[in-house]
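Undergrad: can't give you the sequence, but here's the structure:
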């Protein structure tokens, strides 16, 4: 008996995997050194996996359940909050983290540096949202 997977779960998994895979490809094309294991859980970069996943889910919900549904409204609000946070809050915190690292280096060479998480630029967010919309459309088409 085949196991049925919810299209909503499928779009979430596929969008995250696609965004992370595309980050690897972009880093390779740019010729940057990176640690593949660390890249799985690092923040920042293009495309934004946050915007990819929430947009893919939003598009799928809109197509399957309708844009008038309460679920779509909830997904829309969720997507706006996640993307705002990725660009405005997390990016600001990352910049502050880098500045703090500079101050710590100037004050002491023995103090371990805290991690400075990166947020996303608006371009990274837009590319992630475009990728997410595409994945949402593909999953919808494949599951109707």
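TA: Yep, it's here. In this text the structure is predicted, and so the values were computed from the model without any measurement.
Undergrad: can you list the residues that contact stretch 126-141?
TA: The contact list for stretch 126-141 (Cβ atoms under 8 Å, 6 or more residues apart in numbering) reads 7, 10-11, 14-15, 18-19, 22, 46-60, 63-64, 83, 120. Every residue, glycine included, has its C-beta placed from N, CA and C.
Undergrad: Of those residues, which belong to strands?
TA: Secondary structure from DSSP state E places none of the contacts of stretch 126-141 in strands.
Undergrad: Which ones among those lie within helices?
TA: Using DSSP state H to define helices, the subset of the contacts of stretch 126-141 located there is 7, 10-11, 14-15, 18-19, 22, 49-60, 63-64, 83.
Undergrad: what's the closest non-adjacent residue to residue 115?
TA: Residue nearest to residue 115 in three dimensions, not counting chain neighbours: residue 97, with 7.2 Å by Cβ to Cβ, 6 or more residues apart in numbering.
Undergrad: can you tell me the helix or strand for that neighbour?
TA: Element membership for residue 97 (DSSP states H and E) is helix 90-107.
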